[in-house]
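Student: Need coordinates for the below:
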Amino acid sequence: MPGCPVATRGQATRSQTQIIMVKAGRKTIPKDGRELQSVDFTVSANPGDDVQAQFGLMVDQIYQWHDQFGETCGALSIDFVGSPQIHEAFRACLVAFIQQEDPLRPLFTRLGRVEVAFVSPDGEVLKESELKFD
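Tutor: Numbering: from 1, shown residues only. All right, here's what the predicted structure looks like:
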């Protein structure tokens, strides 16, 4: 994708003057008699921030979650917080990531879907969507 090569595991960097904002909340959810693991990410960016670096931090955390919980990974949701221009950059990163991150393809297929929301800096949900996988 133009403007956002896929940020693969270990590539995210952090400049000393930039605040990287990626939060993850994990919880256990019961499903079909099993306890599955859910993770909810909030990734924030301001104009001038390195969106790819922030996205890369989330990618690293997805790998860590998958490495830790494997087959019990059960749900993934992502909230992208920023201006509409920032949302477009995150959207490009997400599409490239899902299309090109072969090691996580079985995870996405097992999950079946990823919930995505685009949120304004003041907390208003501007768009919600669901990416489905076969």
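Student: So which elements touch the helix or strand where Tyr63 lies?
Tutor: Using DSSP states H and E, Tyr63 sits within helix 51-69. Using 3 or more C-beta pairs under 8 Å, 6 or more residues apart in numbering; DSSP states H and E, the elements in contact with helix 51-69 are strand 21-31, strand 34-44, strand 73-81, helix 84-100. The way it works is simple: take the backbone N, C-alpha and C, and place the C-beta from them, glycine included.
Student: Dump those to JSON lines, plus distance to Gln64, mean neighbour count and mean pLDDT.
Tutor: Below are the helices and strands packed on helix 51-69 laid out as JSON lines (distance: least, C-beta to C-beta, whole Å; neighbours: other C-beta atoms under 10 Å; pLDDT from 0 to 100):
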{"stretch": "strand 21-31", "distance to Gln64": "9", "mean neighbour count": "13", "mean pLDDT": "88"}
{"stretch": "strand 34-44", "distance to Gln64": "10", "mean neighbour count": "17", "mean pLDDT": "94"}
{"stretch": "strand 73-81", "distance to Gln64": "11", "mean neighbour count": "20", "mean pLDDT": "95"}
{"stretch": "helix 84-100", "distance to Gln64": "15", "mean neighbour count": "18", "mean pLDDT": "90"}
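Student: want to throw those into TSV with distance to Ala117?
Tutor: Output for those, formatted as TSV (distance: least, C-beta to C-beta, whole Å):
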stretch	distance to Ala117
strand 21-31	14
strand 34-44	9
strand 73-81	5
helix 84-100	10
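Student: closest one to Pro121 among those?
Tutor: Pro121 sits nearest to strand 73-81 of all the helices and strands packed on helix 51-69, at 6.5 Å, using C-beta to C-beta.
Student: mind listing what that closest one pairs with, with the direction of each?
Tutor: If you go by DSSP bridges, strand 73-81 pairs up with strand 34-44 (parallel), strand 113-119 (parallel).
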